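Trainee: the sequence and its predicted three-dimensional model are supplied below.
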Amino acid sequence: MPDPISWGYSWPYYAVALGAAYLLGSIPVGLILARLFGHGDIRTIGSGNIGATNVLRTGNKPLAAATLLLDGGKGAGAVLLGAIYGPDVALTAGAGAVIGHVAPVWLLFQGGKGVATSLGVLLALDWRLGLIALAVWLGTAALFRFSSLAALVALISAPGFAYLLSGRQLAELAGLLAIIIVFKHHANIRRLLGGRESKIGSKK
């Protein structure tokens, strides 16, 4: 990769990484798997989301697990490919993958909420941070049974852990991901505050 100090020479790497990661993140895994396995359009049930939590509402746990892993894999894969050209490009690719998942061009920019993809990004950038975020998610989900609350707690706490583990750059990306997650969960936040949020495993 060219000297990163020369932005005029290196910006194409960032642009290509961002675009490629966006397209990778845009693949609607949950929607595709649900249709392949006879569950129709996943957007017509439950929350209408295309992520693993809503796939779980079909009653097909293996399919939900596959959706979770593949959505996370999109984020991790984008980071690992970007890392070929340096850590800064890897950060850019991670952001692109999450943006692609939450606003996929194939679905008129109406995508998922980005939680699994964000966790995949964090795991690939710093496995310690990813495991901490995953542990926070699992602990919060086990305690309160709300997927949305677990996602919010895990991603909002991630920037602080990122700063302690890796410094400012990773913390800034984690902060961006947290902002995206909060924005995508605005309706969930209202339902949580109103006591109307569905718990994990609920079919409605």
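Mentor: Happy to help now that I have it. Residues are numbered from 1 along each chain as shown.

Trainee: so where do the strands sit in this protein?
Mentor: Read by DSSP state E, the chain holds no strands at all.

Trainee: pLDDT weak spots in it?
Mentor: Across the chain, residues meeting the criterion (pLDDT under 70) sit at 1-9, 201-204.

Trainee: surely Ala103 meets Gly111?
Mentor: Yes: if you go by C-beta atoms under 8 Å, Ala103 and Gly111 touch, sitting 5.5 Å apart. In short, each C-beta sits where N, CA and C put it, glycine included.

Trainee: and these two? which has more neighbours close in?
Mentor: Applying other C-beta atoms under 10 Å to Ala103 and Gly111 shows that Gly111 carries more neighbours, namely 26 against 19.

Trainee: for the nearest residue to that one once chain neighbours are set aside, give me phi and psi.
Mentor: Take Gly111 and drop its neighbours on the chain: the residue closest to it by C-beta to C-beta, 6 or more residues apart in numbering is Pro104, 4.4 Å away. Backbone geometry at Pro104, expressed as degrees, to the nearest 10, gives phi -70, psi 140.

Trainee: what about Pro104, neighbour count?
Mentor: Pro104: 21 neighbours (other C-beta under 10 Å).

Trainee: contact partners for it?
Mentor: 25-28, 110-111 (C-beta atoms under 8 Å, 6 or more residues apart in numbering).

Trainee: list buried residues within those.
Mentor: 25-28, 111 (16 or more other C-beta atoms under 10 Å).

Trainee: picking up where we left off before, and which of the contacts of Pro104 is nearest Gly96?
Mentor: Gly25 (6.5 Å; C-beta to C-beta).

Trainee: the closest one: what's it in contact with?
Mentor: 74-75, 78, 96-101, 104, 117.

Trainee: follow-up on the earlier one: anything in contact with each of Ala103 and Gly111?
Mentor: Ser26.

Trainee: against Ala78, how distant is the closest residue in space to Leu80 that isn't next to it in sequence?
Mentor: If the residues on either side of it in the chain are set aside, Leu80 comes closest to Ala124, at 5.6 Å by C-beta to C-beta, 6+ apart. For Ala124, the distance to Ala78 (C-beta to C-beta, to the nearest Å) stands at 8 Å.

Trainee: between the two, what contacts are shared?
Mentor: Residues touching both Ala124 and Ala78 (C-beta under 8 Å, 6+ apart): Gly94.

Trainee: out of those two, which sits in the more crowded spot?
Mentor: Higher neighbour count among Ala124 and Ala78: Ala78, with 32 against 24, using other C-beta under 10 Å.

Trainee: residues contacting the more buried one?
Mentor: 17, 20-21, 24-25, 93-94, 96-97, 121.

Trainee: and with 6 Å instead?
Mentor: 21, 24, 93, 97 (C-beta atoms under 6 Å, 6 or more residues apart in numbering).
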